[in-house]
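S.K.: Could you work out the structure for the sequence below:
(one chain, ligands or ions: 1)
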Amino acid sequence: MNVEDYVGEVLGQRGHPNSFPGELVLPDDLVVAFSALFVAGEKEAREYGCNLIYEESRSELSRSRRYVGDMNSCPIRTMMHWENCADVHCHPAASIGDVDGYSPHSMEDFLYFSEQTHKPLFIRFVVSHDRIYAAVYRKGHTLYDAQGIDELRGRLAFEIGQYFKSHCPVGDDERLEAIMKEQEKARLVGEDVNDAAARVVIEYKRRTPGLGEFTAEATTRACKQVAARYRFGFYARSGTYTLARVD
Ligand SMILES: [Zn+2]
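M.R.: Presented below is the predicted three-dimensional model:
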(Lines give C-alpha, C1' and ligand atoms only; values in the text may rest on other atoms or scores of the structure.)
Protein backbone atom coordinates (compact mmCIF):
# COMPACT_ATOMS: atom_id res chain seq x y z
CA MET A 1 0.00 0.00 0.00
CA ASN A 2 0.99 3.64 -0.40
CA VAL A 3 3.12 4.71 2.56
CA GLU A 4 1.18 7.96 3.02
CA ASP A 5 -2.12 6.04 3.14
CA TYR A 6 -0.58 3.72 5.72
CA VAL A 7 0.53 6.64 7.89
CA GLY A 8 -2.90 8.27 7.54
CA GLU A 9 -4.69 5.07 8.56
CA VAL A 10 -2.46 4.55 11.61
CA LEU A 11 -2.50 8.14 12.86
CA GLY A 12 -6.09 8.99 11.90
CA GLN A 13 -7.98 5.75 12.41
CA ARG A 14 -5.73 3.66 14.66
CA GLY A 15 -5.46 1.21 11.80
CA HIS A 16 -3.05 -1.73 11.53
CA PRO A 17 -2.71 -2.18 15.33
CA ASN A 18 -0.77 -5.43 15.28
CA SER A 19 0.47 -6.12 11.78
CA PHE A 20 2.57 -4.51 9.07
CA PRO A 21 1.52 -4.13 5.43
CA GLY A 22 3.17 -6.62 3.05
CA GLU A 23 4.60 -3.75 1.03
CA LEU A 24 4.97 0.01 1.19
CA VAL A 25 4.92 2.08 -1.98
CA LEU A 26 6.86 5.35 -1.93
CA PRO A 27 5.75 8.43 -3.86
CA ASP A 28 8.16 9.47 -6.66
CA ASP A 29 9.22 12.73 -5.04
CA LEU A 30 10.37 10.95 -1.88
CA VAL A 31 12.42 8.45 -3.88
CA VAL A 32 14.07 11.34 -5.75
CA ALA A 33 14.75 13.22 -2.51
CA PHE A 34 16.16 10.10 -0.82
CA SER A 35 18.48 9.43 -3.76
CA ALA A 36 19.75 13.02 -3.60
CA LEU A 37 20.72 12.48 0.06
CA PHE A 38 22.84 9.48 -0.94
CA VAL A 39 24.51 11.30 -3.83
CA ALA A 40 25.48 14.17 -1.53
CA GLY A 41 26.58 11.81 1.26
CA GLU A 42 28.67 9.54 -0.94
CA LYS A 43 30.48 12.54 -2.42
CA GLU A 44 31.51 13.82 1.01
CA ALA A 45 31.77 10.53 2.95
CA ARG A 46 29.15 11.67 5.43
CA GLU A 47 25.53 10.94 6.27
CA TYR A 48 22.76 13.35 5.33
CA GLY A 49 19.23 13.04 6.64
CA CYS A 50 15.93 14.79 7.32
CA ASN A 51 12.70 14.49 9.27
CA LEU A 52 9.48 13.51 7.52
CA ILE A 53 6.26 15.08 8.72
CA TYR A 54 2.75 13.91 7.89
CA GLU A 55 0.59 16.74 6.58
CA GLU A 56 -2.92 15.55 7.36
CA SER A 57 -4.74 18.07 5.15
CA ARG A 58 -2.80 16.91 2.08
CA SER A 59 -2.21 13.32 3.20
CA GLU A 60 1.46 13.79 2.35
CA LEU A 61 4.85 13.36 3.97
CA SER A 62 6.81 16.62 3.82
CA ARG A 63 10.55 16.93 4.44
CA SER A 64 12.42 19.10 6.93
CA ARG A 65 15.73 20.80 6.17
CA ARG A 66 18.74 18.55 5.70
CA TYR A 67 20.91 17.56 8.65
CA VAL A 68 24.61 16.96 8.07
CA GLY A 69 26.37 14.17 9.91
CA ASP A 70 29.71 12.40 9.82
CA MET A 71 30.70 9.07 8.27
CA ASN A 72 28.85 7.01 10.91
CA SER A 73 25.86 9.02 12.06
CA CYS A 74 23.50 11.87 11.33
CA PRO A 75 22.17 14.21 14.05
CA ILE A 76 18.52 14.35 12.98
CA ARG A 77 16.64 16.48 15.51
CA THR A 78 14.05 14.60 17.54
CA MET A 79 10.57 16.12 17.23
CA MET A 80 8.08 15.16 19.90
CA HIS A 81 4.82 15.52 17.96
CA TRP A 82 3.19 12.49 16.32
CA GLU A 83 3.07 14.03 12.85
CA ASN A 84 6.84 13.59 12.73
CA CYS A 85 6.27 9.92 12.09
CA ALA A 86 9.35 9.15 9.99
CA ASP A 87 12.87 10.15 9.09
CA VAL A 88 15.49 9.22 6.53
CA HIS A 89 19.27 9.21 6.35
CA CYS A 90 21.77 7.91 3.85
CA HIS A 91 24.51 5.34 4.28
CA PRO A 92 27.56 6.21 2.18
CA ALA A 93 29.41 3.18 0.80
CA ALA A 94 32.69 3.29 -1.19
CA SER A 95 33.58 6.74 0.20
CA ILE A 96 33.78 5.26 3.73
CA GLY A 97 35.58 2.13 2.56
CA ASP A 98 32.54 -0.14 2.11
CA VAL A 99 32.91 -0.82 -1.62
CA ASP A 100 29.60 -2.22 -2.97
CA GLY A 101 28.32 -2.21 0.61
CA TYR A 102 24.84 -0.72 0.53
CA SER A 103 23.87 -1.46 4.09
CA PRO A 104 20.48 -1.18 5.78
CA HIS A 105 19.94 0.07 9.34
CA SER A 106 22.80 -0.20 11.77
CA MET A 107 21.91 -1.51 15.22
CA GLU A 108 22.44 2.08 16.41
CA ASP A 109 19.67 3.12 14.00
CA PHE A 110 17.36 0.71 15.85
CA LEU A 111 18.58 1.96 19.25
CA TYR A 112 17.62 5.55 18.29
CA PHE A 113 13.99 4.42 18.16
CA SER A 114 14.10 4.95 21.94
CA GLU A 115 13.35 8.63 21.29
CA GLN A 116 10.24 7.77 19.27
CA THR A 117 8.52 5.09 21.34
CA HIS A 118 5.80 7.45 22.64
CA LYS A 119 4.47 7.84 19.08
CA PRO A 120 1.88 5.48 17.56
CA LEU A 121 4.13 4.95 14.55
CA PHE A 122 7.67 5.70 13.49
CA ILE A 123 9.30 4.73 10.20
CA ARG A 124 13.06 5.08 9.78
CA PHE A 125 14.18 4.99 6.15
CA VAL A 126 17.76 4.34 5.07
CA VAL A 127 18.95 5.01 1.52
CA SER A 128 22.17 3.62 0.08
CA HIS A 129 22.81 3.85 -3.66
CA ASP A 130 19.77 2.26 -5.33
CA ARG A 131 18.58 0.54 -2.14
CA ILE A 132 15.91 1.94 0.14
CA TYR A 133 15.20 0.21 3.44
CA ALA A 134 12.54 0.92 6.06
CA ALA A 135 12.22 -0.12 9.70
CA VAL A 136 8.78 0.44 11.19
CA TYR A 137 7.98 0.81 14.90
CA ARG A 138 4.37 0.41 15.96
CA LYS A 139 3.42 1.32 19.53
CA GLY A 140 1.53 -1.48 21.25
CA HIS A 141 2.94 -4.08 18.89
CA THR A 142 6.71 -3.59 18.67
CA LEU A 143 8.57 -4.86 21.74
CA TYR A 144 11.35 -2.30 21.98
CA ASP A 145 14.29 -3.80 23.92
CA ALA A 146 17.41 -1.63 24.01
CA GLN A 147 19.50 -4.26 25.79
CA GLY A 148 18.64 -6.99 23.30
CA ILE A 149 19.37 -4.72 20.34
CA ASP A 150 22.62 -3.61 21.94
CA GLU A 151 23.75 -7.23 22.26
CA LEU A 152 23.12 -7.73 18.55
CA ARG A 153 25.06 -4.50 17.91
CA GLY A 154 28.08 -5.93 19.72
CA ARG A 155 27.88 -9.24 17.88
CA LEU A 156 27.55 -7.57 14.47
CA ALA A 157 30.49 -5.23 15.14
CA PHE A 158 32.59 -8.24 16.17
CA GLU A 159 31.60 -10.22 13.07
CA ILE A 160 32.48 -7.34 10.71
CA GLY A 161 35.69 -6.64 12.63
CA GLN A 162 36.76 -10.28 12.30
CA TYR A 163 36.14 -10.26 8.55
CA PHE A 164 38.21 -7.08 8.19
CA LYS A 165 41.09 -8.49 10.26
CA SER A 166 41.21 -11.80 8.41
CA HIS A 167 40.83 -10.40 4.86
CA CYS A 168 42.76 -7.12 5.06
CA PRO A 169 45.90 -7.38 2.91
CA VAL A 170 48.08 -6.26 5.84
CA GLY A 171 48.21 -7.40 9.46
CA ASP A 172 47.22 -5.47 12.59
CA ASP A 173 50.76 -4.26 13.31
CA GLU A 174 51.36 -2.86 9.86
CA ARG A 175 47.98 -1.12 9.88
CA LEU A 176 48.63 0.40 13.29
CA GLU A 177 52.02 1.63 12.13
CA ALA A 178 50.45 3.27 9.06
CA ILE A 179 47.85 4.98 11.25
CA MET A 180 50.51 6.33 13.61
CA LYS A 181 52.61 7.60 10.75
CA GLU A 182 49.63 9.45 9.22
CA GLN A 183 48.72 10.92 12.61
CA GLU A 184 52.26 12.16 13.07
CA LYS A 185 52.10 13.90 9.69
CA ALA A 186 48.72 15.43 10.62
CA ARG A 187 50.12 16.74 13.90
CA LEU A 188 52.95 18.52 12.06
CA VAL A 189 50.53 20.44 9.85
CA GLY A 190 47.91 20.99 12.56
CA GLU A 191 45.32 18.58 11.16
CA ASP A 192 42.87 16.50 13.20
CA VAL A 193 44.55 13.21 14.20
CA ASN A 194 41.25 11.31 14.28
CA ASP A 195 40.53 12.34 10.69
CA ALA A 196 43.99 11.16 9.75
CA ALA A 197 43.40 7.76 11.39
CA ALA A 198 39.99 7.43 9.69
CA ARG A 199 41.58 8.13 6.29
CA VAL A 200 44.01 5.25 6.73
CA VAL A 201 41.32 2.84 7.95
CA ILE A 202 39.05 3.76 5.00
CA GLU A 203 41.91 3.03 2.61
CA TYR A 204 42.54 -0.40 4.16
CA LYS A 205 38.80 -1.15 4.19
CA ARG A 206 38.70 -0.35 0.46
CA ARG A 207 41.56 -2.75 -0.14
CA THR A 208 39.85 -5.57 1.76
CA PRO A 209 38.13 -7.81 -0.81
CA GLY A 210 34.40 -8.32 -0.25
CA LEU A 211 34.24 -6.24 2.95
CA GLY A 212 31.46 -3.92 1.73
CA GLU A 213 29.25 -6.77 0.56
CA PHE A 214 29.94 -8.77 3.71
CA THR A 215 29.00 -5.77 5.87
CA ALA A 216 25.74 -5.21 3.97
CA GLU A 217 24.81 -8.92 4.18
CA ALA A 218 25.67 -9.28 7.87
CA THR A 219 23.79 -6.06 8.69
CA THR A 220 20.75 -7.25 6.74
CA ARG A 221 20.78 -10.50 8.72
CA ALA A 222 20.93 -8.54 11.98
CA CYS A 223 18.04 -6.27 10.87
CA LYS A 224 15.92 -9.34 10.13
CA GLN A 225 16.72 -10.73 13.59
CA VAL A 226 15.73 -7.46 15.28
CA ALA A 227 12.52 -7.30 13.24
CA ALA A 228 11.53 -10.89 14.04
CA ARG A 229 12.45 -10.74 17.73
CA TYR A 230 11.09 -7.33 18.60
CA ARG A 231 8.30 -7.01 16.00
CA PHE A 232 9.55 -4.20 13.84
CA GLY A 233 8.45 -4.10 10.21
CA PHE A 234 11.58 -4.36 8.03
CA TYR A 235 11.38 -3.52 4.35
CA ALA A 236 13.80 -3.52 1.44
CA ARG A 237 13.18 -2.09 -1.98
CA SER A 238 12.12 -4.71 -4.46
CA GLY A 239 10.50 -2.93 -7.41
CA THR A 240 10.86 0.63 -8.58
CA TYR A 241 9.04 2.37 -5.75
CA THR A 242 7.86 -0.58 -3.73
CA LEU A 243 9.40 -1.68 -0.46
CA ALA A 244 8.61 -5.32 0.29
CA ARG A 245 8.53 -6.63 3.83
CA VAL A 246 11.40 -8.96 4.59
CA ASP A 247 10.86 -11.83 7.05
ZN1 LIG B 1 22.25 4.64 9.82
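S.K.: give me the element the residue in the chain that the ion sits nearest to is part of.
M.R.: Closest contact between the chain and the ion, by C-beta to the ion, is at Asp109 (4.2 Å). (C-beta placed from N, C-alpha, C; glycine too.) Here Asp109 sits within helix 107-111, counting by DSSP states H and E.
S.K.: Give me the buried stretch members for that helix, please.
M.R.: 107, 109-111 (16 or more other C-beta atoms under 10 Å).
S.K.: if we can go back for a sec, contacts only, for the residue of the chain closest to the ion.
M.R.: 89, 124, 126, 135 (C-beta atoms under 8 Å, 6 or more residues apart in numbering).
S.K.: Domain parsing of this structure, as residue ranges.
M.R.: 3-143+230-245, 149-213 (automatic domain parsing).
S.K.: Just name the most buried of those.
M.R.: domain 3-143+230-245 (a mean of 18; mean count of other C-beta atoms under 10 Å).
S.K.: quick one: average pLDDT of stretch 122-132?
M.R.: Per-region confidence: stretch 122-132 scores 96 on mean pLDDT.
S.K.: Let me see the residues that make contact with that stretch.
M.R.: Contacts for stretch 122-132 (C-beta under 8 Å, 6+ apart): 3, 7, 26, 31, 34-35, 37-38, 42, 52, 85-93, 102-105, 109, 112-113, 116, 133-137, 236-237, 243.
S.K.: quick one: Leu143 and Phe232 touch, right?
M.R.: No. Judged on C-beta atoms under 8 Å, Leu143 makes no contact with Phe232 at a distance of 9.1 Å.
S.K.: how about the residues of the chain near the ion?
M.R.: 106, 109 (C-beta under 5 Å from the ion).
S.K.: Give me the helix or strand of the chain that scores worst on average pLDDT.
M.R.: strand 242-245 (a mean of 84; mean pLDDT, DSSP states H and E).
S.K.: Can you tell me the closest non-neighbouring residue to Glu213?
M.R.: Asp100 (5.3 Å; C-beta to C-beta, 6 or more residues apart in numbering).
S.K.: The one you found should be in a helix, yeah?
M.R.: No. Counting by DSSP: H, G, I helix; E, B strand; the rest coil, Asp100 is not found in a helix; it is coil.
S.K.: so where's the protein shaky on pLDDT?
M.R.: Along the chain, segments meeting pLDDT under 70 span 238-240.
S.K.: By residue count, tell me the biggest helix in the protein.
M.R.: For the chain, the helix with the greatest residue count under DSSP state H is helix 146-167.
S.K.: Can you give the contact residues for that helix?
M.R.: Contacts for helix 146-167 (C-beta under 8 Å, 6+ apart): 106-108, 110-111, 114, 172, 204-205, 208-211, 214-215, 218-219, 222, 225-226, 229-230.
S.K.: from the chain's centre, how far out does the next helix or strand after that helix sit?
M.R.: Scanning forward in sequence from helix 146-167 by DSSP H and E, the next helix or strand is helix 172-188. Computed by C-alpha atoms, centre = their mean, to the nearest Å, the chain-centroid distance of helix 172-188 equals 30 Å.
S.K.: following helix 172-188, which helix or strand shows up next?
M.R.: helix 193-206.
S.K.: Who are the packing partners of that next one?
M.R.: If you count contacts as 3 or more C-beta pairs under 8 Å, 6 or more residues apart in numbering; DSSP states H and E, helix 193-206 packs onto helix 172-188.
S.K.: and the helix it packs on with helix 146-167, angle?
M.R.: The directions of helix 172-188 and helix 146-167 differ by 100 degrees, with axes from the mean of the first three to the mean of the last three C-alpha atoms, to 10 degrees as the criterion.
S.K.: now helix 172-188 against helix 193-206, angle please.
M.R.: Using the same axes, to 10 degrees: helix 172-188 against helix 193-206 is 140 degrees.
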